[in-house]
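Peer 1: just coords:
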């Protein structure tokens, strides 16, 4: 949270976040999620690398799944949810 706040002190157009919720308690994850959603409202672009699929689906507009250095999936959250093969193969989520 402090790192995000420091970035926002200046004129910011893009924020890169690498696993901002890793190892955090669920309550803190929700605070990070809310902060990301607030930042989006200010027209700041956010590039988020995240393994927490629930949080990523709640915050991101576009999703990319990278496998062995190549893009294995690219699309919206809805397209990702509808792609059962991708959900099972890469995210371990089955219907």
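Peer 2: In hand now; what should we look at? Just so it is clear, the structure is predicted and the values come from calculations on it, not from any experiment. Numbers count the residues shown, from 1 in each chain.

Peer 1: how many other residues sit next to the residue nearest to residue 63 when sequence neighbours are not counted?
Peer 2: In this structure, residue 63 finds its nearest non-sequential neighbour in residue 80, 5.0 Å apart by Cβ to Cβ, 6 or more residues apart in numbering. For glycine as for every other residue, the C-beta is placed from the backbone atoms N, C-alpha and C. By other Cβ atoms under 10 Å, the residues close to residue 80 number 23.

Peer 1: Residue 80 and residue 88 touch, don't they?
Peer 2: No - using Cβ atoms under 8 Å, residue 80 is not in contact with residue 88, being 12.0 Å away.

Peer 1: low pLDDT regions in the protein?
Peer 2: Residues of the chain that meet the criterion pLDDT under 70 lie in 95.

Peer 1: quick one, helices of it?
Peer 2: 2-8, 26-41, 53-59, 77-82, 84-91 (DSSP state H).

Peer 1: Identify whichever of those helices lies nearest to residue 69.
Peer 2: For the helices of the chain, the distance to residue 69 is smallest for helix 84-91, at 14.1 Å, taking Cβ to Cβ.

Peer 1: residue contacts, the residue most central in space within the chain?
Peer 2: Nearest to the mean C-alpha position of the chain, counting by Cα atoms, centre = their mean, stands residue 56 at 3.4 Å. Neighbour list for residue 56: 48, 50, 63 [criterion: Cβ atoms under 8 Å, 6 or more residues apart in numbering].

Peer 1: Apply 6 Å and report the result again.
Peer 2: Each residue near residue 56 by Cβ atoms under 6 Å, 6 or more residues apart in numbering is listed here: residue 50.

Peer 1: That one and residue 6: what is the separation?
Peer 2: Distance, residue 56 to residue 6, using Cβ to Cβ, to the nearest Å: 23 Å.

Peer 1: and what of residue 67?
Peer 2: When residue 67 is compared with residue 6 (using Cβ to Cβ), they lie 33 Å apart.

Peer 1: likewise residue 74?
Peer 2: Taking Cβ to Cβ, one finds residue 74 at 31 Å from residue 6.
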